[in-house]
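Engineer: 3D, please:
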Amino acid sequence: MSADRHARTMLPIPDRPAPGLTTYDAKDPDTSYPPIEPLLPPEGAPNVLIILLDDVGFGASSAFGGPCATPNAERLAARGLKFNRFHTTALCAPTRQAMLTGRNHHSVGMGSITETATSAPGNSSLRPNTKAPLAMTLKLNGYSTAQFGKCHEVPVWQSSPMGPFDAWPSGGGGFETFYGFIGGENNQYDPALYSGTTPVEPPRSAEEGYHLTEDLADHAVGWVRQQKALMPDRPFFLYFAPGATHAPHHVPAEWIEKYAGRFDEGWDVERERTFARQKELGVVPADTVLTERHAEIPAWADMPDELKPVLARQMEVYAAFLEHTDHHVGRLLDAIEDLGVLDDTLIYYVIGDNGASAEGTVNGAFNEMANFNGMAALETPEFLVSKMAEFGSPSSYNHYSVGWGWAMNSPLQWTKQVASHWGGTRNGTIVHWPRGITEPGGLRSQFTHVIDVAPTILQAAGLPEPTVVNGVQQSPMEGTSMLYTFNEPDTPERHDLQYFEMFGNRGIYHRGWSAVTKHKTPWVMVGGTVPEFDDDVWELYDGRTDFSQARNLVAEHPDRLAALQRLWLIEATKYNVLPLDDRTGERLEASMAGRPTLIRGTSQQFFAGMGRLSENSVVSVKNRSFSVTAEIEVPAGGVQGVLIAQGGRFGGWSVYVTGGRLRFCYNVLSIHEFTVTADVPVPAGTHQVRMEFAYDGGGLAKGGDVTLFHDGAAVGTGRVAMTQPMVFSADETTDIGYESGTTVSPDYTNATSRFTGRIHWVQVDVGDDGHDHVIDPEERMRIAMARQ
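Structural biologist: As a prediction, the model looks like this:
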């Protein structure tokens with residue numbers, strides 16, 4: 001192996017021209033220059049593939065004893081290593097930012113998800129430029145880099161089609177290619193996709209067989225084939241992060257039927273069965289104890305009999321979703337194997353970015369947005385039963401019950417968001433690298449954490465941590481390379497100290513022991529009582545003999561608990577965890593949270609063709625009066641189509657023209673739909689049309705009266721009985737002159753949503769705008785200038 005001639009601690013690597021004779025005439029025989037050589041990593045640097053699944057618990061995948069078939073995970077494990085004490089942060093965006101930087105999630109500003117960011121440094125969602133991402137380091141060292149799938153690391157005020165793109169994968173994230181979505185989740189049948197920073201539409205519809213995971217795999221396979229065809233000597237870094245298996249649990253029906261009847265005995269029985277398989281596989285120690293179900297989680301026997309078929313169906317859908325995801329991971333593995341480079345590729349298959357989710361309520365959800373709006377009660381047992389056959393289909397936005405989330409974390413306590421306990425943070429992980437692993441099929445039980453992935457990859461590639469990136473001095477990575485474990489199964493662990501915290505749920509691991517306190521229950525989105533932080537009850541576990549945190553040793557070792565509590569505080573101070581922040585609903589509102597907002601004031605103007613505007617890119621109309629005014633040209637033959645639409649099938653509102661008449665539709669969670677239609681058609685010519693919504697007031701989610709206008713004259717009235725108070729959608733957007741994604745109203749489709757007249761402008765005002773039902777041009781210009 002030849003010596004590396006590059007000084008790689010400063011990135012980009014400085015150009016160093018070779019001194020020598022410069023001739024006057026290029027034809028001079030003494031004219032000679034060294035050949036131009038492409039920048040490549042050190043000789044022997046492997047290709048790298050990270051596969052990161054979403055919301056998969058420790059006990060879900062068959063590779064770790066779960067009921068969901070994942071043959072491709074098993075395939076990798078057979079020639080690689082299983083890590084049964086690998087940990088995440090308990091939530092998606094924090095885990096991803098931590099993994100991609102090699103730093104703790106609060107160190108890179110991602111104390112929670114981007115949608116609940118605050119102005120506190122540990123919760124700002126802003127990655128400091130002193131902590132460059134791994135992809136950037138690899139790219140600047142000569143790797144080809146690409147990401148396919150979910151990116152949840154973009155601050156919400158930077159998520160519009162205008163950026164800025166510093167936090168986007170292909171902007172400042174270091175990925176030369178990106179195809180996927182921005183945000184926490186997406187409709188698997190009708191996603192809001194980006195290619196780089198350009199919005200694109202899915203290539204097919206759900207009716208034509210489209211599914212996001214398959215699409216992502218298609219693009220990843222195409223990219224890796226092209227990369228090796230054109231640059232066979234250059235290694236690649238491919239990050240494959242499907243939105244699966246985060247809700248909505250969308251999967252084709254034929255996959256669901258494979259699991260029909262498999263979960264009829266409920267989550268208590270399934271958890272016990274999984275535990276038995278885990279012991280048989282050896283992925284948990286023989287002396288592991290199955291932890292008890294907490295009182296907040298109902299027993300299967302206590303669930304209503306009429307609801308049990310729906311609950312079982314929820315798990316059938318989820319299991320199918322995970323198997324379907326693993327199948328498409330297998331397609332990517334096959335492509336790499338067909339290229340002859342599988343053995344030279346370091347693969348991390350991280351089965352979950354946190355524990356299994358319990359955000360679907362005790363009964364599960366047909367539309368998970370109901371719970372995020374504090375309106376889960378609208379989905380009555382009767383409603384869920386009526387929708388049973390639709391779970392997993394394009395007409396659903398579904399999630400499973402808390403009980404199934406708990407079962408999928410067997411044998412551990414709690415679930416996603418509960419960073420204190422291993423059920424929230426322990427994820428089965430597989431590492432495959434035949435060229436670097438001499439014990440295929442082995443098990444590793446050293447404590448490891450997601451921040452260890454980046455330093456492992458750098459060490460495997462023979463690359464140093466950079467000290468300077470793009471002119472900015474870098475802080476050291478906070479993870480520990482796992483490379484030492486690959487061929488030394490019994491070597492003592494080197495990552496022996498790690499804090500955890502999420503929404504006040506917190507804990508610390510140190511040399512086998514863990515001190516933890518659960519502060520908040522994740523499925524209680526609205527209401528409920530949360531104790532003061534100083535009143536939280538701590539627990540103590542000896543992980544050397546207690547894999548599952550089943551035996552609380554507080555009474556036996558109070559001094560050790562006190563020492564670990566103090567150590568947690570020290571680590572929390574070191575890594576920007578403080579101040580603790582257990583707010584949720586308040587943090588969704590930018591002004592209350594203290595983060596920047598893209599939109600200021602009470603008025604916003606739009607123009608035809610604007611679209612893919614995230615909810616945080618649009619003035620909020622929730623829990624208040626608002627109006628929509630549009631100046632349009634109507635041809636002599638009449639007009640139809642959307643003026644402006646926010647949200648989609650599973651919640652939102654739209655102002656549009658159908659049958660020549662102005663109409664307003666408010667869709668509450670796809671459960672209640674309220675429409676108001678003008679009494680007369682919009683006449684030909686240039687006109688202002690307007691919708692005014694007068695909110696009832698008196699709290700959240702109230703209704704209001706609707707009045708429609710043509711040129712200031714009332715032409716229709718009606719009523720909206722209730723509204724969504726917190727969020728319309730996690731993935732649908734706002735569009736002007738058409739509607740992308742699913743449609744708010746069944747009155748039109750994507751194809752028929754395009755406005756057939758001309759839109760001069762659309763303006764949304766919140767509160768009392770004082771315009772007397774019409775806006776004159778000078779007033780519109782004044783508002784525009786005021787927003788500069």
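
Engineer: okay, now residue 85: neighbour count?
Structural biologist: Neighbourhood size, residue 85 [other CB atoms under 10 Å]: 19. Using the backbone N, CA and C atoms, a C-beta is placed for each residue, glycine as well.

Engineer: pLDDT weak spots in the stretch 651-788 of the chain?
Structural biologist: 769-772, 777-788 (pLDDT under 70).

Engineer: what's near enough to touch residue 118?
Structural biologist: Neighbour list for residue 118: 124, 581, 587, 593-595 [criterion: CB atoms under 8 Å, 6 or more residues apart in numbering].

Engineer: Would you state the strands of the stretch 1-150 of the chain in chain order?
Structural biologist: Under the criterion DSSP state E, counting those that start in this stretch, strands of the stretch 1-150 of the chain are mapped to 10-11, 47-52, 81-83, 86-87, 144-151.

Engineer: want to try JSON lines for those, with mean neighbour count as columns?
Structural biologist: Output for those, formatted as JSON lines (neighbours: other CB atoms under 10 Å):
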{"stretch": "strand 10-11", "mean neighbour count": "18"}
{"stretch": "strand 47-52", "mean neighbour count": "25"}
{"stretch": "strand 81-83", "mean neighbour count": "25"}
{"stretch": "strand 86-87", "mean neighbour count": "26"}
{"stretch": "strand 144-151", "mean neighbour count": "25"}
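
Engineer: Now the buried members of the contacts of residue 118.
Structural biologist: Buried by 16 or more other CB atoms under 10 Å: 124, 581, 587, 593, 595, out of those.

Engineer: Wait, residue 168 touches residue 174, no?
Structural biologist: No: with contact defined as CB atoms under 8 Å, residue 168 does not reach residue 174; the gap is 10.5 Å.

Engineer: Put together JSON lines for the strands of the stretch 1-150 of the chain, with distance to residue 325 and mean pLDDT on each row.
Structural biologist: Formatted as JSON lines, those follow (distance: least, CB to CB, whole Å; pLDDT from 0 to 100):
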{"stretch": "strand 10-11", "distance to residue 325": "34", "mean pLDDT": "96"}
{"stretch": "strand 47-52", "distance to residue 325": "10", "mean pLDDT": "99"}
{"stretch": "strand 81-83", "distance to residue 325": "19", "mean pLDDT": "98"}
{"stretch": "strand 86-87", "distance to residue 325": "19", "mean pLDDT": "98"}
{"stretch": "strand 144-151", "distance to residue 325": "11", "mean pLDDT": "98"}
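
Engineer: Which one, of those strands, ends up nearest to residue 451?
Structural biologist: Judged by CB to CB, the one of these that comes nearest to residue 451 is strand 86-87, at 9.3 Å.

Engineer: Now do that closest one: which elements does it pack against?
Structural biologist: Here strand 86-87 touches strand 448-449, going by 3 or more CB pairs under 8 Å, 6 or more residues apart in numbering; DSSP states H and E.

Engineer: run the last query once more with 10 Å
Structural biologist: Counting contacts by 3 or more CB pairs under 10 Å, 6 or more residues apart in numbering; DSSP states H and E, strand 86-87 packs against helix 422-425, strand 429-432, strand 448-449.

Engineer: Would you mind finding the most buried of the ones you listed?
Structural biologist: helix 422-425 (a mean of 31; mean count of other CB atoms under 10 Å).

Engineer: now that helix, how far from the chain's geometric center?
Structural biologist: Offset of helix 422-425 from its chain centre (CA atoms, centre = their mean, to the nearest Å): 18 Å.

Engineer: Name the spans of this protein whose pLDDT lies under the cut-off.
Structural biologist: 1-3, 526-527, 769-772, 777-788.

Engineer: and if we set it to 50?
Structural biologist: Scanning the chain for pLDDT under 50 picks out 785, 787-788.

Engineer: can you point me to the longest helix in it?
Structural biologist: helix 308-338 (DSSP state H).

Engineer: Strand 47-52 and the helix or strand that that helix is followed by, what's the angle between them?
Structural biologist: Using DSSP states H and E, the helix or strand that follows helix 308-338 in sequence is strand 345-350. Going by axes from the mean of the first three to the mean of the last three CA atoms, to 10 degrees, strand 345-350 is angled at 10 degrees with respect to strand 47-52.

Engineer: Show me what strand 345-350 packs onto, helices and strands only.
Structural biologist: For strand 345-350, the elements it packs on are strand 47-52, helix 71-78, strand 81-83, helix 92-101, strand 236-241, helix 308-338, strand 429-432, helix 453-461, judged by 3+ CB pairs under 10 Å, 6+ apart.

Engineer: how big is the angle separating that strand from helix 92-101?
Structural biologist: Using the same axes, to 10 degrees: strand 345-350 against helix 92-101 is 160 degrees.

Engineer: Quick check: next helix or strand after strand 345-350?
Structural biologist: Downstream of strand 345-350 (by DSSP H and E), the next one is helix 369-372.

Engineer: Tell me the buried residues in that following helix?
Structural biologist: Applying a neighbour-count criterion of 16+ other CB under 10 Å, one finds 369-372 buried in helix 369-372.

Engineer: any idea whether residue 627 is helix, strand or coil?
Structural biologist: With DSSP: H, G, I helix; E, B strand; the rest coil as the basis, residue 627 sits in strand.

Engineer: ok, now how distant is it from residue 69?
Structural biologist: For residue 627, the distance to residue 69 equals 53 Å [CB to CB, to the nearest Å].

Engineer: So these two - more neighbours on which side?
Structural biologist: The neighbour comparison of residue 627 against residue 69 (other CB under 10 Å) goes to residue 627, with 24 against 20.

Engineer: I'd guessed the more buried one sits against residue 692; true?
Structural biologist: Yes: judged on CB atoms under 10 Å, residue 627 makes contact with residue 692 at a distance of 4.6 Å.

Engineer: buried set for the top strand by length along the chain?
Structural biologist: Identified as the longest strand of the chain according to DSSP state E is strand 685-695. Across strand 685-695, burial judged by 16+ other CB under 10 Å covers 687-695.

Engineer: Give me the sheet partners of the next helix-or-strand element following it and which way each runs.
Structural biologist: Under the assignment DSSP H and E, the closest C-terminal helix or strand after strand 685-695 is strand 704-710. Sheet pairing of strand 704-710 (DSSP bridges) gives strand 685-695 (antiparallel), strand 713-720 (antiparallel).

Engineer: Can you add distance to residue 736 and give these back as CSV?
Structural biologist: Shown next, in CSV, are the strands paired with strand 704-710 (distance: least, CB to CB, whole Å):
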stretch, distance to residue 736
strand 685-695, 14
strand 713-720, 22
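
Engineer: Identify the element of secondary structure that residue 404 sits within.
Structural biologist: Applying DSSP H and E as the criterion places residue 404 in helix 402-407.

Engineer: Report the contact partners of the closest residue in space to residue 708 that isn't next to it in sequence.
Structural biologist: Closest residue to residue 708 apart from its sequence neighbours, by CB to CB, 6 or more residues apart in numbering: residue 716 at 4.0 Å. The neighbourhood of residue 716, defined by CB atoms under 10 Å, 6 or more residues apart in numbering, consists of 661-664, 676-680, 691, 706-710.

Engineer: change it to 8 Å
Structural biologist: 662, 676-679, 707-708 are the contacts of residue 716 under CB under 8 Å, 6+ apart.
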